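S.K.: Dropping a prediction and its sequence here:
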Amino acid sequence: MTDGSILKNETVREQPAAGLVQNSGYGYGGGVDVDEKSPIHSIEIILTAFVSSKALQQTMLDEIIALGRLLQMPPFESLSNSLLSPPVPTAACPSIVIVPPKPALEFMPLRRTLESMPPEILDRMASFVSGDDILPLCHAVPYYKYISKAMHDFSHAIERHTPPRPVLFWPGIKEEHLFTFEQLMVHHKTSFDAAKPMQSEGLDAADAARRLAEQGPNILSPPKKKSAVWLYIECLFNIFNALLLFCGIAGFIVYGIDPIGNGMVAVYMAIILIAVAFLNALIEFLQLLASEKALAGFMNMIPSKSQVVRNGNLQNLPASDLVLGDVVFVRMGDKLPADIYVISALDFKVDNSSLTGEAEPQDRIPTNSMMSPLEATNLAFSGTLAVNGEAYGIVIRCGDNTVLGQIAGLTQSEHKSPSPMTTEINNFVATIGTVAITCMIVFFIIALVKTGSVSFSLNFAIGVLVAWVPQGLPATVTMLLTIAAKRMATRQVLVKDLRGVETLGAITLLATDKTGTLTRNQMTATNFWCGLELYSTQVSSTNLPLGEIPFDLEGSGISEILHISALCSRARFDRTDIPIDQRVITGDATESGLFRFASQKLRDIDKLQDMYPKVFEIPFNSENKWAMAIHKKKHVGGPLTLLMKGAPERILRICTTIWKDSKAVPMTKEHQDEFTKSYEYMAGKGHRVLAFAQLLLPGGEYPEDFAFERDRKNYPSNGLTFVGLASLEDPPKHGVREAIGHCREAGIKIMMVTGDHPLTAEAIGRKINLMLSDTKELHAKKTGRQIETISEDEIHAIVIHGEQIDELTDAAWDNIFSKDEIIFARTSPKHKLTIVKRAQSLGHIVGVTGDGVNDSPALKKADLGIAMNLSGSDVSKEAASMILLDDNFASTVRGVEEGRLIFANLKKSIQYTVTHIVPEVIPYLLWVVAPLPIMLTSLQILVVDLGFELLAALSYAWEPSESEELMKVPPRMPVTEDSISKLRKRKAEDAEDRGLAVAAQNDHDFPAHVMSVDQKVKLFFKRIMSVRYWKRKFEKNDGEVLVDGNSLSWAYLECGLIEFIGCATCFFAVLYSAKWEDGSQFYITPYDAWHMQSLSTSHFIEGSAPNYTTVHGNTLDSYMQANALAQAQSAYYFGLMVQQCFNLFACKCKMTLPFGPYMFRNAASFYSVMMGGLFAAFIVYTPGVMSVFATSGRLSPLYWLIAMGYGVLIIIYSSVRMLIMRFLFPKNVNQGIEGLQMHPTRWSTAN
């Protein structure tokens, strides 16, 4: 390519169907050759396709020439003549690809050129694209924000010495809804006869086969999954299990080094530790398997068969064989097999609710005026249901490229963040593990220096590590959550992921869909206006809005409206052999709502069609905006009656009379004013409003056998009688209002995220306690102020349209989430995902409820996704972590309460569990410092952790709430300005740890999940060796964490020390007063124990030790010494169990004294104490078992009393401590919310 050259017609190549040039050196590839040595003015411009209009050709060329002049490129004029004769005479508007050459430093002149461009040129330019922001040049309007983005990209490209992405102007696949019919035919090279659809050719079978080979089948690509073996290995080698495995393997090594000296005890311990590690991994592995199903539901949405026109014949082919350009036929009841461009339609409607959240079926016609593909009236999407009519369409997207495929891709690509509890437990385990490993290494070195024995030193170090690690903690947490999950299932909340049990109680923000979640997804009649009266369908006549009166079946026009609703309708019952309230209605949602209401009020609804047969019908369509039916319904003037319903303004326009006092009277201006007033009132509530009219056809002009024809329009189209108005809404579900009120009282921010209209969303929000305050617009209207004069501090509610989301800055997002009441309307699945990520970036623990396919990416990304069981799609249920079995939003409140309770009980259980670490570790410390004999062996530690401790810790699963104010306190990790500031500071520090320069504020997920293993290891050690890491561990938290300073203080500095002192007292009491077989007393004082340990040649007082004479003159041989030590260690072990039984009750009480009725409400506590005592007795007193665990059955039960005394001390101390803490740190209870409506109404459970 020579400098300044331009590709002329002979080098123009056809663009691929996806709308992007193939791969070049800049990431798009092959269609463009770039000379790296070319100077900056060598810019390659590719002109593709092909403009059918000569005038449009010239306009586009003029723009390109002007752009070329500004870029100081060689004259473009020479191209004009040749380009006006394109190789293909008809196609889409032109595309331009500007590919800058390398190296990057040569972009500077181009950057200056672009920055100096006049607005009229910038207006014609699109953007640097990332794949989703491709804009056709022919539709470009001022896009200054994209140009600004382009400047930013150029600037960073120059700084990094890397080329930016090329600028593309290409009417890509997402703009096909803007094509004309002719452009579409040429673009996809297919054939369709719009005038005679049944005679269309479609694709040739051979061409379709070729395309199928090139494009692949019309299926969704399965996600890449890790093998089950690899997944289990990852679970097995987490920090906790890795420590257990290390200790187990080291135990075998110790036995191998010195099998006689260490004995089988080392083998037993190794087997137990390894078994616990594998069991923990198995539990986690099974939980991961339960949540690895996100694609099956998407696959179920795609039909297996589809009707396709090929070679001029309508064929029934597998949907997987569809290709771009195929002509498909779809009728009512069919699922769409791919994304199609509707080219011929007859009363065609689709249900988009699962994709967009719109409750109303959407008309689909061949014409379109919408820029957004999701709102285009000529596109129907894969997986949606055709609910009315029939249509032909051209396949424009298949498989992963469909809207459904993109949502599936979003769902699969999102990395699931760990739950708050998982994060906290992992942090705690990492901290404990770090301390344990450090102590193990230090004690190994000390023991090696003191004894010179590698075998003994390693065995000793393993004991230290075992003492530090709470082996039963993972099993305890899992079983506690499992028990809670089963309890939640009885309250209609099914938990798929156990971590979701606690997460639900921790959420600070609940983002909920509207349709099907807050509302019934069932249109319901609310008001009727007829006979100049406004009727309400509200069951109760009390508290009716001003101007409304109770519904009266005898009211003027009521009977006529009900008959029109039942007859001028395609809605029908699925069966008639069961009561009406149990029947399912099929058909359009609006018609179904009216038909349902009419069936409840009219007698013999099943015979109505037979009584008044339909002779002619024109279904509702978007062009007429009305539906008409003519029935054999006799009247004084003739045998036929015309019935009509539709858009109020359209119906009023063709009416000359109005039905009043059971007769038609001339319509006056007063009538029209009343109509306008009532219409605006009903529409202002966010309701869908329909008008009704009728005409008694004169028998002379329209006899009973008159042949009406739609094409000839030989039916009356004016002079009708206006009967009245009806409004419908998708009403809130019963109990939703109270549920949202309870959530807000609990300090949880409730946010609606819906694809529906903002006015409809706000109207529903104001009925269900979600929105109580005025938005800025409403406040301006009420006060008469200009919106610009109202500050953000005055406003606590906001409604955001989906079109605004892409424009929002970080400051705007912060402002939105600072509001108490938030509604996002007209959102796409990608918008919902963005909203969740933005909320998480501020530190919110986000719950998302939804039932549609469009909710699935957000459901998966959220900290907790909650799907509906009955109305929810398979996709949403598989993406969620929790499912409401009864579809009742109120079940969420019960789940939140259960989640908060399980967190409180988990915290108590963990505090109880880790308390025994101190009395297990100190004996090893004393062996080094004093030295004293080991008071508790490593095998005894294991049966403490995995024996009675496990049973006692599990009893907290049944612990009731201490206070009735559980749902009145704020979330445990509230989001405040201070917490947001700390979070952003931490993210910046974490980014620095990873070697990153900066971290985006809205990047909730640092890419730790894509780091290599060695990077993770380096990062871990880098962190734990930093002061910042340990400073964080002990800094004050803004909220409540699972393991906090208060819990650690109780476990390690208070109760832990008391328990050690009590156990040590038991230990030395037994050494001194225990008796030998002949009844003689040992009289071993603490000094004797220290001296014996110092003189012991085998490092412990055991069988190989020399004789020793105590300070009391008793001579003890090695056998007597070993027996005395066994009894003392048994006393230490049993003393620890007894004191932990008292600690079990002490840890129960955080806000109440450990006395009174509350202490006896959990029978499981007493069962665990009994079972724990039996287990400890089994270990100490059972022959055979004693030899394994080095215990002695000669221990007198009287020594238990010493431990009981210390247990009572623990209870007394905890009571005094609790009173002091309650005084210093009073409980924070949420203040009441002004305007919250919790009294029974039509939308409450009292209805």
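M.R.: Here it is on my side, so go on.
S.K.: which residues sit in contact with Met185?
M.R.: 191-192 (C-beta atoms under 8 Å, 6 or more residues apart in numbering). To be clear about C-beta, it is placed using only N, CA and C from the backbone, and glycine gets the same treatment.
S.K.: and the gap between Ala598 and Gly587?
M.R.: Plainly put, Ala598 is 13 Å away from Gly587 if you go by C-beta to C-beta, to the nearest Å.
S.K.: Against Ile483, how distant is the most centrally placed residue in the chain?
M.R.: The chain has Leu859 as the residue nearest its centroid, 2.5 Å off, counting by C-alpha atoms, centre = their mean. In this structure, Leu859 and Ile483 are 25 Å apart, going by C-beta to C-beta.
S.K.: Kindly report the same for Arg583.
M.R.: For Arg583, the distance to Ile483 - C-beta to C-beta - is 41 Å.
S.K.: tell me which element the closest residue to Val1185 other than its chain neighbours falls in.
M.R.: Nearest residue to Val1185 in three dimensions, chain neighbours excluded: Ile1179, at 6.0 Å (C-beta to C-beta, 6 or more residues apart in numbering). Using DSSP states H and E, Ile1179 sits within helix 1163-1181.
S.K.: Can you name every helix or strand that that helix contacts?
M.R.: The contact analysis (3 or more C-beta pairs under 8 Å, 6 or more residues apart in numbering; DSSP states H and E) places helix 1163-1181 against helix 949-954, helix 1118-1146, helix 1185-1189.
S.K.: helix/strand/coil for the most far-flung residue of the chain relative to its centre?
M.R.: Distance to the chain centre peaks in the chain at Gly1113, reaching 74.3 Å (criterion: C-alpha atoms, centre = their mean). Per DSSP: H, G, I helix; E, B strand; the rest coil, the local secondary structure of Gly1113 is coil.
S.K.: Any figure for the gap between Ala904 and Gly1079?
M.R.: 52 Å.
S.K.: Show me which of the two is the more surrounded one.
M.R.: Ala904 (22 against 6; other C-beta atoms under 10 Å).
S.K.: how close does that one get to Ala506?
M.R.: From Ala904 over to Ala506 (counting by C-beta to C-beta), the distance is 11 Å.
S.K.: Same question for Ile651.
M.R.: With C-beta to C-beta as the criterion, Ile651 and Ala506 are 53 Å apart.
S.K.: again with Val615
M.R.: Counting by C-beta to C-beta - Val615 and Ala506 are separated by 63 Å.
S.K.: In terms of packing, which of the two has more residues around it?
M.R.: Ala506 (25 against 17).
S.K.: Could you pull up the residues touching the more buried one?
M.R.: 420-421, 845, 863, 899-900, 903, 971-973.
S.K.: of these, closest to Ser828?
M.R.: Closest approach between the contacts of Ala506 and Ser828, by C-beta to C-beta: Asp863, at 21.5 Å.
S.K.: What's the local residue count around that closest one?
M.R.: Neighbour number of Asp863 under other C-beta under 10 Å is 27.
S.K.: what does Asp351 give?
M.R.: 20.
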